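# Kindly generate the corresponding structure for this input.
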Amino acid sequence: MIYDAFPTDQVEAWAINVDAGLDWLEPFRQEHDLHLPIMRDAVEAFDAFRLGRAFRTWPPLYIIIDKNGVIRHRSLTQGSISLEEVAQIVEELLEE
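Okay, here's the model as predicted:
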């Protein structure tokens, strides 16, 4: 997984879920041994980053934010960027 590829003191990975009422989320996380934090009821985050059905964007999506809080990449559609490309962007940011 991408969140396991980098030291946690240098890179944070979060999952964002707009609907905290989804009963499948926690079992899915446990089943797949996901350790990253999940932001729940993230309506404000979805709106701020223009994510979700309202903006015609569907998961999985990636937003890469640098250490200064600047968005350096935001995928708009599923499959628009590979995990390898995400890792490469993160590696380049860590070198800055």
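# residue ranges with poor pLDDT in the protein?
Residue ranges of the chain with pLDDT under 70: 1, 18-22, 41, 52-53, 57-60, 76-79.
# for it, what spans make up the strands?
Ranges of strands in the chain, per DSSP state E, are 15-16, 38-39, 63-65, 71-74.
# And the second one, what does it pack against?
Identification of packing neighbours for strand 38-39 by 3 or more Cβ pairs under 8 Å, 6 or more residues apart in numbering; DSSP states H and E yields strand 15-16. Backbone N, C-alpha and C define where each C-beta goes, glycine included.
# what does the strand it packs on contact?
34, 36-39, 42, 45-46, 51 (Cβ atoms under 8 Å, 6 or more residues apart in numbering).
# So how do I select the buried members of these in ChimeraX?
To isolate the buried ones among these in ChimeraX, judged by 16 or more other Cβ atoms under 10 Å, type:
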select :34,42,45,46,51
